[in-house]
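In: Predicted coordinates and the sequence they were generated for:
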Amino acid sequence: MRALIFERLERIFAECDKHLSRMNSAYRKAAVMLPLTVEKYVELSEEEVEHIDQYLFRFAKLQDTMGEKLFKSLLLFLDEEVEGKPFVDILNRMEKLLLIDDAQSWRVLRDIRNELSHQYDDDPEDMSIVLNKIFNEKSHIEAIYTQLKTYYINSKA
């Protein structure tokens with residue numbers, strides 16, 4: 001069973017690494033446009049929109065993979081019970097075990113992402129505000145991921 005948990009975690013970290021790498025690549029390409037203003041937003045080229053879309057897609061994939069797979073698998077790695085537990089309990093347990101600094105900060109990331117999903121391209125002001133928020137969270141989600149990966153690497157050594 002322990003070997004299966006190790007194997008699963010290795011696959012999850014590889015998946016997260018891929019999302020993080022591609023998110024960072026898209027961010028570097030989009031960074032010249034930041035922060036977005038209404039004027040910049042309405043003048044975005046097709047290529048610039050593609051960079052933004054790639055960043056948003058990879059940010060979401062990284063967040064989903066961490067929230068749906070990595071958190072539970074790390075708790076299983078620590079012999080914690082996760083089956084049937086609500087996500088909020090998993091987050092709180094991760095905070096209590098010092099795997100993440102603050103469970104609320106993860107909720108903030110989810111809130112910003114949800115805010116983006118309720119915006120429409122035909123409102124440049126709101127879109128530019130929400131896009132700036134999510135671009136500003138790059139270092140935050142990256143720090144959470146790095147903390148978890150460092151913990152795992154140090155724990156298995």
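Out: Cool, the structure landed.
In: give me every residue that touches residue 72.
Out: 82, 90 (CB atoms under 8 Å, 6 or more residues apart in numbering). C-beta here means a position set from N, CA and C on the backbone, and glycine is covered the same way.
In: which SS class is residue 12?
Out: Counting by DSSP: H, G, I helix; E, B strand; the rest coil, the backbone at residue 12 sits in helix.
In: Same question for residue 79.
Out: Strictly by three-state DSSP, residue 79 counts as coil.
In: Can you mark which positions in the lowest-mean-pLDDT helix or strand in the chain are buried?
Out: Taking mean pLDDT, DSSP states H and E as the measure, helix 103-117 is the helix or strand of the chain with the lowest mean score, a mean of 91. Residues of helix 103-117 classed as buried by neighbour count (16 or more other CB atoms under 10 Å): 103, 105-106, 109, 112-113, 116.
In: next one: stretch 39-52
Out: In stretch 39-52, counting by 16+ other CB under 10 Å, buried: 41, 44, 48, 51-52.
In: Turn these into a markdown table, columns for distance to residue 69.
Out: Output for the buried residues of stretch 39-52, formatted as a markdown table (distance: CB to CB, whole Å):
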| residue | distance to residue 69 |
| --- | --- |
| 41 | 33 |
| 44 | 33 |
| 48 | 31 |
| 51 | 26 |
| 52 | 26 |
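In: Which members of the residues you listed are positioned in strands?
Out: Residues of the buried residues of stretch 39-52 located in strands (DSSP state E): none.
In: biggest separation within those residues, which pair?
Out: Using CB to CB, the pair of those lying farthest apart is 41 and 51, separated by 13.3 Å.
In: quick one: low-confidence parts of the chain?
Out: Within the chain, the stretches with pLDDT under 70 are 120.
In: center of it, which residue is that?
Out: Of all residues in the chain, the one closest to the mean position by CA atoms, centre = their mean is residue 63, 3.0 Å from it.
In: so how far is residue 19 from that residue?
Out: 9 Å (CB to CB, to the nearest Å).
In: what do you get for residue 66?
Out: Distance of residue 66 to residue 19, computed by CB to CB: 9 Å.
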